[in-house]
Structure formats: C-alpha cells, structure tokens
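Engineer: This is the structure alone, sequence omitted:
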C-alpha cells in the first residue's frame, strides 16, 4: 500500500464543484456523502451501485460526478482507495463487495439515471456486486430494491435486521447478501417482468401444524406402550452424531493450536465435512501466527474479547467452537452482541431459552427404540423441525 491509498478521492476542486451545485458534502466514516437540501426520498426504493477497483475508484468518481450533480439524488462514494480495497477484500461481507458509489434516486428518476450512468461507464473496470443485478455487461452499474433509510424488524431469532415492506406492509429482508433477491411484489424496472421465486420448501416436505417443516426426520416404524412407558421406534438415519462432530472439531483445533496458530474465524461456513464425515477447517485469512495479527471477527461466533480487539488467545477459538456447535444443534445463529442489549455471558442462554426445555433423543441401533421427549410449550426440538 502507498500513501495514495489514504488520499481522499474527492479532491478540493470536486468539493468546490459540489458546493457550487448547491449540495452538502461531508466525510462520514469510510464514505463521502453528497446530499441536496430538501430532497424528499422514500424510505425504500431502487438503489444504484457503481462498482470499482481501488485503482479505478478515482476515475469512476470523476466520470459519474457531473451526471449525479445534474440529477436530484443523494449519493455517496468510497472515501479512499484503501476503503475500496477493504470493501473488495474477502474479509468483507459479500453484499458490500465492489460498491464504490451508491445512489439514492427519486423513483421517477431511477431508470433513466441508471441507464445514463451505464452509458457513461462503458468499458470501465469493476467487480460484480453479488447482491445486485447488473444493468448491462459492459458497464459496472448494478441495482436492487433496498432500504434508503434504516428500517429494522425482528428476524424471529431475537436479532434485528434491515427490512423492506411490500405493498401490504409485510416485512422482507432488506440487507445486501451474497445473492440478488428481487422484490416479488414489484416488476423489474427494466424488463417489466415479475419475479417468480422458487417455492420455499420442496413439494415433498411435510409442514406440521402449519408452522414446522419436516425436511429430515427418521421414518416411524412403531409406537407402543410397555408398562407405564411409551416408546417410539424409528429407522436408523446414519452412524454419526453431533458428539462425533464435536470431538472431531476439537481434535483439529488442538492440532492447529499445537502449531502456534490461532484460527480466529471458526464458524459454520468455515467447517467442511469430508466424504467420511471428518471435519476440516478452512479460511485462515485472519488467523494469528508469529506476530501476524490481522483484525476481524464474525458477529455471534467470536468472543467478546476478540470483538473488542484484545490480544488473541486460544480461549477465543474455544468460544467460537462452542458457538459453532450451538448452531449445529439448533440451526440458529448466536445473537450478535452489536444488535442486542444482552450481556456477553447471556447470548447462549437467550438462544437456548427460545428453544424450550426439551432435548432430542439420542440415536440408537437400528431400529432405534427410545421414549419420546416430553412435550413442552413453544418450539419442538430443533433436530425434528425448523420453524
């Protein structure tokens, strides 16, 4: 990296041009934000993203600035080449990759502005933005329907997440992810087509009580009473259980620690199972070794000490292992400390309390024969159903 990486992309001459156009300009964290006075924007709508690489950020901003200043819209762009490099790095969330310039247009201005930006940027280099749809293949201009101002809803797991609302006021996820999701209630602004989403569950799936999906439950062979007890007999679904997963992951983690490496990013997405079920760890990009200490964490799966930037310890990896096994048992991500008013030591208890007090039965030999778990109010055991 060079000093140029930290130089502001918005030059003094450009700032003066922005002010002469009657706009406010301010640096806010990693962004340079440009806002017209008294601009009335809706809380959500079609958003435009222009992608760039660190070396193309400055010329991209220079090309789009005149057009954006002629259109009533709010926009922001990555403040420095270093910011752009971090946005495009593999440590950034997929939904943020490539987004050099973000434009919030008025609904009536959106289609024409997006097409004009694409025409202006034909031939410019920019990575694909996985959360958005690309307007045309020869220009780095993308779009998606998203919140213009923060609107949060409960995701059903105790965390708040960004949402958009459809015509009937129903909430839908609004945060950028690693794939493009078009609103099902609106036509595409350029093709006019309504999106046909695949059914949420396979046709063969069974929905119990209108709430719980059965995707992978053992087949019931028999149910009988013996004395004062009742027994449920099911077929054998496999030789491995979560206990084997826990022991296997701990062996791998111990071996990594013996070599002086701290993983620092142990989570479900970084655990891969071999054909024989042996767990393997992948992605050591933010691992610590011999003084090399990159910064980063995965919310919910990293210890409070790691999130606070304290010195790395083996205990942080053990915390992540516990959070990963919690996900394996429940299918629920641990609550992220940044979005909950829950003390650090209360995160796991918060999730477990939401699951009820029942525990799934242990798998046995084929055929398996065990008393059914006691019935409880609320959610059934997670090994049987996902809400």
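Structural biologist: That came in fine, so what should we check first? Fair warning: this is a prediction, and the values are worked out from it, not measured in the lab.
Engineer: Check the secondary structure at residue 74 for me.
Structural biologist: The three-state label given to residue 74 by DSSP: H, G, I helix; E, B strand; the rest coil is strand.
Engineer: ok, so what distance separates it from residue 241?
Structural biologist: According to Cβ to Cβ, to the nearest Å, residue 74 stands 53 Å off from residue 241. Any C-beta I mention is one placed from the backbone N, CA and C, and that applies to glycine too.
Engineer: now residue 222
Structural biologist: 22 Å.
Engineer: ok so, going back, so residue 74 and residue 241 - more neighbours on which side?
Structural biologist: residue 74 (19 against 12; other Cβ atoms under 10 Å).
Engineer: so what's that one scoring on pLDDT?
Structural biologist: Predicted confidence (pLDDT) for residue 74: 96.
Engineer: Name all residues that make contact with it.
Structural biologist: By Cβ atoms under 8 Å, 6 or more residues apart in numbering, residue 74 lies in contact with 33, 34, 35, 36, 39, 41, 103, 104.
Engineer: can you tell me the helix or strand for the fifth one?
Structural biologist: Right, residue 39. For residue 39, there is no helix or strand it lies in under DSSP states H and E.
Engineer: quick one on the thing from earlier: for the contacts of residue 74, pick the one with the most neighbours.
Structural biologist: Of these, with other Cβ under 10 Å as the count, residue 103 tops at 26 neighbours.
Engineer: quick one: that one from residue 14, how far?
Structural biologist: Plainly put, residue 103 is 16 Å away from residue 14 if you go by Cβ to Cβ.
Engineer: go on, residue 283?
Structural biologist: From residue 283 to residue 14 the distance is 39 Å (Cβ to Cβ).
Engineer: which one of these two has more residues nearby?
Structural biologist: For residue 283 and residue 14, the more surrounded residue by other Cβ under 10 Å is residue 14, and the numbers stand at 19 against 16.
Engineer: The closest residue to the more buried one other than its chain neighbours: how many residues sit nearby?
Structural biologist: In this structure, residue 14 finds its nearest non-sequential neighbour in residue 65, 6.3 Å apart by Cβ to Cβ, 6 or more residues apart in numbering. Neighbours of residue 65 under the rule other Cβ under 10 Å: 19.
Engineer: Sticking with residue 65, tell me its helix or strand.
Structural biologist: Judged by DSSP H and E, residue 65 forms part of helix 57-69.
Engineer: Which secondary structure elements does that helix sit against?
Structural biologist: Contacts defined by 3 or more Cβ pairs under 8 Å, 6 or more residues apart in numbering; DSSP states H and E place helix 57-69 against helix 12-20, strand 73-78, helix 81-87, strand 99-105, helix 110-120.
Engineer: Lovely, talk soon.
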